[in-house]
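Student: Provided below for reference: sequence and predicted model.
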Amino acid sequence: MYPPSRKDFISLTLSDPHSHSYNNGKHRRQSCWRKWKQLSRLQRSLILFLLALLLIFGLLSYPSITKQWGGLPEREDWLELNDRELIPLGVKPVLGPDADKPPAPVAGPHVGDAVGPDPVLEPRGPNIPILPKPPIKNKRGPPSLQKNGSISDTGGREKQEQEVVEDEDKEKKIVSWRGAMIEPDQATELPPSANDKEAAALPAKPANTISLEVSTGKVDRLEAVREAFRHAWKGYKDHAWGHDELKPISKSFGEWFGLGLTLIDSLDTMWILGLKEEFGEARTWVEKELSFSKNVDVNLFETTIRVLGGLLSTYHLTGDQLFLDKAKDLGSRLMPAFKTPSKIPFSDVNIGKGTAHPPRWTSDSTLAEVTSIQLEFRELSRITQEPQYQDVVNEVMKLVHRLPGKHDGLVPMFINTNSGQFTHKGVFTLGARADSYYEYLLKQWIQGGKTEDDLLEDYLQAVEGVKKHLVKQTGPSGLTFVGELSHNRFNAKMDHLVCFLPGTLALGAHNNLPGDHMDLAVQLMETCHQMYTQMETGLSPEIAHFNLQTSDGHDVVVKPADRHNLLRPETVESLFYMYRFTKDTKYRDWGWEILQNFNKYTKVPGGGYTSINNVRDPVNPGPRDKMESFFLGETLKYLYLLFSDDTELLSLDKYVFNTEAHPLPIWPSPPK
């Protein structure tokens, strides 16, 4: 006799105990059992096999069924979707009655207060959750410069327009301008946050709104910048002293060239901010520890703008001969880069051996690299009365001036060191690999006393080419942006790097160039501001795309792979120029918002600031554990100058800034 099933038991207890329902069920089960026993062994085995298959199929199909019912995509489907289309940026998601409150603090760099002292208690010990490293490794140095175990993890200044190459292990990587090693885009995409999933259903944020209220009270913004610098410097001093870059999350360091990049990049910033104690400690290191007599490959461009530029600038600000002596030593060691068949310099120099070479994968140099070292080499010649430095860089500009292959003043991104000709023709951008070429055309002309007509001619032609081919307006709100041109096809993509352009245009207009340059500067400045305010963290992504269609309400769109922020300076640089020339206080307020958001989302307890992976996730922005040297050398310096009321502090009629924000004097005009 078989025990009653649960169903039969319930039926039995709810009905007359003398009814026949229970007995009938029993007879039916006995009848089925007899029929089953009458089947052959083969038949029974076949039936059991089919039942097992049905069970397995049901289990396998369960996730897809629940996904359809739930309506929420799995990570793989989300990534596939975003490979096909861009995610529009709307307003910050309204998550409930606490939406107006700041997000709760999370482990790592997220802190509650925008500006102020560090928490008294710094979380330490095994109970603190360890932030996982991002799945990508972007390295700024050329592959030959990377040192196993000590290299920085995250990307350098340029991520875009990547080329796939094979390294010695036949492992495909992507090489970007300024030596960065970037993994393919799909590797950088992060799982969608709750904000991302809700954002698509939200209306677009109006272009003229501000995401963060600016305090109307009296806040000492200059002191806020000093505090930010002291906090960043504390992390560097405690965990990366004398090394190239701080890794603030892991409290360690990354090495690129082994030249103390962050320290040297920060020298003139400390002097300008009046941080005498910190400057004195750094000077002692330069005097006793900095040596260029070492067997190491360095990138000509990066070393010139950061180290040579930093030493020359500090010499001019302080009058200290130590810095000029170091600059002369370094300049002479960089000269072998120019020993090429075309006089277009190689990208890499061994400053100890006195040899130079192109990257392993090509004989090309990037155009921005070879045309953005002129300010520094020219100044080194002027101050040492040794003409060879100026001669080699002037020769490069003369060659580029007469080269065929330009497009209404716009230049391709690569130039061959053997032939001296442009390569990869047909692609034109003001972003990675080309940006500072345009910047240095104007600044060399200003540096030299406005006497070099070829430089001015090339700059004016280029601005007209930008306006003709690259400037467009978005469909919904008419935001003006600068896109890219690839073989006559327009791409509505704008790097954050391009936000140097409003400041450069304004500087040209200040030096009596056409007034419509200033009009364009004002429009582009607004767009760069929107690249910050339309993000949930109030910080700009590395790359933005713009909507040309009038049917959609979103102006700015961003791909998941482009959501990182590297603490870049270009927008605050342009804000500094715009305020100096217009005195419009909104530019100061915009810079103040940016500083507050850097403090809120990138400041690391205990010292330092970190780049982040996701500007659209204020709850977990994803720290990347790297503080770029240009955060101290450029970003904080420009913020301080933006907030200063002293217009004679580095007057733009007396100084010109190199592309790493190191001020160099404008030369006296020659006698007529």
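Tutor: Perfect, thanks for sending it. Numbering: from 1, shown residues only.
Student: how many other residues sit next to the residue nearest to Trp590 when sequence neighbours are not counted?
Tutor: Leaving out its chain neighbours, the residue that sits closest to Trp590 by Cβ to Cβ, 6 or more residues apart in numbering is His529, at 5.2 Å. All C-beta spots, glycine's among them, are computed from the backbone N, C-alpha and C. For His529, the count of nearby residues is 26 (other Cβ atoms under 10 Å).
Student: ok now whichever helix or strand His529 is part of, how far from the chain's centre?
Tutor: Per DSSP states H and E: His529 is located in helix 515-533. Chain-centre distance of helix 515-533: 20 Å, with Cα atoms, centre = their mean, to the nearest Å.
Student: in stretch 549-556, which residues are buried?
Tutor: Across stretch 549-556, burial judged by 16 or more other Cβ atoms under 10 Å covers His554, Asp555, Val556.
Student: for the second one, what are its contacts?
Tutor: Yep, that's Asp555 we're talking about. Ala204, Ala207, Thr474, Gly475, Pro476, Ser477, Leu479, Gln530, Gln534, Phe546, Asn547 (Cβ atoms under 8 Å, 6 or more residues apart in numbering).
Student: on that earlier part again, need the buried residues of stretch 549-556 in a markdown table with secondary structure, can you?
Tutor: Shown next, in a markdown table, are these (DSSP: H, G, I helix; E, B strand; the rest coil):
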| residue | secondary structure |
| --- | --- |
| His554 | coil |
| Asp555 | coil |
| Val556 | strand |
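Student: now those residues in CSV, with pLDDT and distance to Leu311?
Tutor: Formatted as CSV, the buried residues of stretch 549-556 follow (pLDDT from 0 to 100; distance: Cβ to Cβ, whole Å):
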residue, pLDDT, distance to Leu311
His554, 82, 46
Asp555, 90, 43
Val556, 92, 39
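Student: on that earlier part again, find me the pLDDT at the residue nearest to Trp590, would you?
Tutor: pLDDT, His529: 98.
Student: in space, what's closest to the residue nearest the centre of the chain - neighbours in sequence excluded?
Tutor: Nearest to the mean C-alpha position of the chain, counting by Cα atoms, centre = their mean, stands Leu566 at 3.8 Å. Excluding the flanking residues, the one nearest Leu566 by Cβ to Cβ, 6+ apart is Ser611, at 4.5 Å.
Student: need phi/psi at that neighbour.
Tutor: phi -70, psi 160 (degrees, to the nearest 10).
Student: low pLDDT regions in the stretch 101-250 of the chain?
Tutor: 101-218 (pLDDT under 70).
Student: any chance you could map the helices in the stretch 151-300 of the chain?
Tutor: Under the criterion DSSP state H, counting those that start in this stretch, helices of the stretch 151-300 of the chain are mapped to 185-188, 194-199, 221-239, 261-273, 276-288, 300-303.
Student: mind listing the strands for the stretch 501-650 of the chain?
Tutor: 543-546, 556-558 (DSSP state E, counting those that start in this stretch).
Student: which one of those has the lowest average pLDDT?
Tutor: Here the lowest mean pLDDT among the strands of the stretch 501-650 of the chain goes to strand 556-558, at a mean of 94.
Student: which SS class is Val349?
Tutor: Once three-state DSSP is applied, Val349 turns out strand.
Student: any chance of CSV for the strands of the stretch 501-650 of the chain, columns distance to Met413?
Tutor: Converted to CSV, these look like this (distance: least, Cβ to Cβ, whole Å):
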stretch, distance to Met413
strand 543-546, 16
strand 556-558, 23
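Student: hang on, the earlier thing: so the residue nearest to the centre of the chain sits against Pro541, correct?
Tutor: No. The pair Leu566 / Pro541 is not scored as a contact, 10.2 Å apart, by Cβ atoms under 8 Å.
Student: if we can go back for a sec, and the residue nearest to the centre of the chain, how close does it get to Ala356?
Tutor: Distance, Leu566 to Ala356, by Cβ to Cβ, to the nearest Å: 28 Å.
Student: what of Arg563?
Tutor: 37 Å.
Student: list the contacts of Trp591.
Tutor: You called it Trp, but residue 591 is Gly. Taking Cβ under 8 Å, 6+ apart as the test, what Gly591 contacts is Val572, Leu575, Phe576, Tyr579, Leu639, Leu642, Phe643.
Student: just give the closest residue to Arg616, not the sequence neighbours.
Tutor: Using Cβ to Cβ, 6+ apart, the nearest residue to Arg616 is Glu536, at 5.0 Å.
Student: what number of residues lie near the one you found?
Tutor: 24.
Student: surely it touches Val619?
Tutor: No. Contact criterion Cβ under 8 Å: Glu536 and Val619 do not qualify, at 9.0 Å.
Student: what about the chain, any weak spots by pLDDT?
Tutor: Applying pLDDT under 70 to the chain flags residues 1-34, 61-218, 671-672.
Student: can you rerun that using 80?
Tutor: Along the chain, the parts satisfying pLDDT under 80 run over 1-41, 44, 57-218, 551-553, 669-672.
Student: sorry, back to before: the helix holding His529 packs against which elements?
Tutor: On a contact count with 3 or more Cβ pairs under 8 Å, 6 or more residues apart in numbering; DSSP states H and E, helix 515-533 meets strand 480-482, helix 501-510, helix 570-582, helix 586-601.
Student: distance from the strand or helix carrying Asp391 to the middle of the chain?
Tutor: Following DSSP H and E, one finds Asp391 within helix 388-402. Distance of helix 388-402 from its chain centroid, counting by Cα atoms, centre = their mean, is 31 Å.
Student: list the neighbouring strands of the next helix-or-strand element following it plus their orientation.
Tutor: Next helix or strand after helix 388-402 toward the C-terminus (DSSP H and E): strand 414-416. Paired strands of strand 414-416, with direction, are strand 364-366 (antiparallel), strand 422-423 (antiparallel) (DSSP bridges).
Student: list of residues touching the helix or strand following the last one?
Tutor: Right, the one you point to is strand 422-423. Using DSSP H and E, the next helix or strand after strand 422-423 towards the C-terminus is strand 427-428. Strand 427-428 is contacted from outside by 161, 407, 410-413, 434, 465, 469-470, 484-487, using Cβ under 8 Å, 6+ apart.
Student: the following helix or strand past strand 427-428 vs helix 501-510, what angle?
Tutor: From strand 427-428 onward toward the C-terminus, using DSSP H and E, the following helix or strand is helix 435-447. Helix 435-447 runs at 20 degrees relative to helix 501-510, counting by axes from the mean of the first three to the mean of the last three Cα atoms, to 10 degrees.
Student: what's the angle from helix 435-447 to helix 388-402?
Tutor: Using the same axes, to 10 degrees: helix 435-447 against helix 388-402 is 120 degrees.
Student: so what does helix 435-447 touch, helix or strand wise?
Tutor: Going by 3+ Cβ pairs under 8 Å, 6+ apart, helix 435-447 lies up against helix 367-370, helix 374-384, helix 453-469, helix 501-510, strand 655-657.
Student: pull out the buried residues from the very next helix or strand once past the shortest one.
Tutor: On the C-terminal side of strand 655-657, the nearest following helix or strand under DSSP H and E is strand 663-665. Within strand 663-665, the residues scored as buried using 16+ other Cβ under 10 Å are Pro663, Leu664.
Student: strand 663-665 pairs with which strands?
Tutor: Under the rule (DSSP bridges), strand 663-665 has strand 655-657 (antiparallel) as partners.
Student: filter the contacts of Gly591 down to just the buried residues.
Tutor: The neighbour-count test (16+ other Cβ under 10 Å) marks Val572, Leu575, Phe576, Tyr579, Leu639, Leu642, Phe643 as buried among the contacts of Gly591.
Student: between those residues, which sits nearest Phe630?
Tutor: Taking Cβ to Cβ as the measure, Phe630 sits nearest to Val572 out of the buried ones among the contacts of Gly591, at 11.3 Å.
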